[in-house]
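K.L.:
Requesting a structural model of the entry that follows:
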Amino acid sequence: MNPEEIERYARHIVLREIGGPGQQKLRNAKVLVIGAGGLGSPALMYLAAAGIGMLGIVDDDEVSLSNLQRQVLHSSDRIGEAKTDSARQSIAGINPHVKTVPHRTRLTVENAADLIKDYDLILDGSDNFDTRYLVNRTCVALGKPLISAAMSQWEGQISLYDPANGGPCYECVFPERPAEGLAPSCAEAGVMGALAGVMGSMMAGEAIKHITGAGETLRGKMLIFDALYGECRKMGLHKRGDCPVCGHL
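P.N.:
Residues are numbered from 1 along each chain as shown. The predicted structure follows:
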């Protein structure tokens, strides 16, 4: 690291759990964030600020006015721009040392493996179950750890799914999608804007711990945050031997 980088990351370097070696691990890491929306916005901002070497961004959407209540990566003057382009501009302003790789596309069965294979860690901030299941299955097949979060109204949840290292996968925990109407989208049910900041920041924090080896991650655990009443709770998660996705591992 050059002197400018040492000063930039000084508050990380003085943490004994990270230090210079941990910061170098962040610098060498390649992280893919799926979705540059409510969860992806703060996650990308803090990963960029942390000095992740390469950030991939998957999103096929454009910035709209209704996004700006929670998607803090974007701004009013970028309405109508591709979210991947807007994200790249914001990341460059936060940290010019970070390489950004925009993927302006929707994740599909046909392209998922090609998009995910070159990254060390995947963060899923998507807003639908089809994408979450697809990301999970692809990560399991490729042996990639997955940090997945979700939110609605006032509540969010997050876990690290890593069956290659003994943890459950997403489908172990959610073997079936909720019945119609039980898990409405943010557009249907609403979401408190700052909740996205909390959950997206948690995703970045889990990524930093996973990459550096600091502390204890949420592998095999789920953290649930209730913003309305200011409560957190954590529950243990277990791998299912009959899981059709990771049961063979």
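
K.L.:
Can you show me the strands along the chain?
P.N.:
30-34, 54-58, 99-103, 121-124, 146-152, 155-161, 221-226, 231-236 (DSSP state E).

K.L.:
Switch those strands over to TSV; also include mean pLDDT, mean neighbour count and distance to S41.
P.N.:
In short, each C-beta sits where N, CA and C put it, glycine included. Shown next, in TSV, are these (pLDDT from 0 to 100; neighbours: other C-beta atoms under 10 Å; distance: least, C-beta to C-beta, whole Å):
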stretch	mean pLDDT	mean neighbour count	distance to S41
strand 30-34	98	24	9
strand 54-58	98	23	11
strand 99-103	98	17	14
strand 121-124	98	26	12
strand 146-152	96	24	12
strand 155-161	97	24	14
strand 221-226	98	16	17
strand 231-236	97	10	22
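
K.L.:
can you tell which of the ones you listed is closest to S66?
P.N.:
Nearest of these to S66, taken as C-beta to C-beta: strand 146-152 at 15.9 Å.

K.L.:
Measure how the closest one sits relative to strand 221-226, angle-wise.
P.N.:
Counting by axes from the mean of the first three to the mean of the last three C-alpha atoms, to 10 degrees, strand 146-152 lies at 20 degrees to strand 221-226.

K.L.:
related to what we said a few turns ago, would you format the strands of the chain as JSON lines with distance to A194 included?
P.N.:
Shown next, in JSON lines, are those (distance: least, C-beta to C-beta, whole Å):
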{"stretch": "strand 30-34", "distance to A194": "20"}
{"stretch": "strand 54-58", "distance to A194": "22"}
{"stretch": "strand 99-103", "distance to A194": "25"}
{"stretch": "strand 121-124", "distance to A194": "19"}
{"stretch": "strand 146-152", "distance to A194": "11"}
{"stretch": "strand 155-161", "distance to A194": "11"}
{"stretch": "strand 221-226", "distance to A194": "11"}
{"stretch": "strand 231-236", "distance to A194": "15"}
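
K.L.:
Pull out the buried positions in the helix-or-strand element of the chain with minimal mean pLDDT.
P.N.:
Counting by mean pLDDT, DSSP states H and E, the chain has its least confident helix or strand at helix 186-189, which shows a mean of 78. Residues of helix 186-189 classed as buried: C186 (neighbour count, 16 or more other C-beta atoms under 10 Å).

K.L.:
chain center to it, what's the gap?
P.N.:
Centroid displacement of helix 186-189 relative to its chain, using C-alpha atoms, centre = their mean, to the nearest Å, is 20 Å.

K.L.:
Kindly report the same for stretch 10-25.
P.N.:
On C-alpha atoms, centre = their mean, the centre of stretch 10-25 falls 21 Å from the chain's centre.
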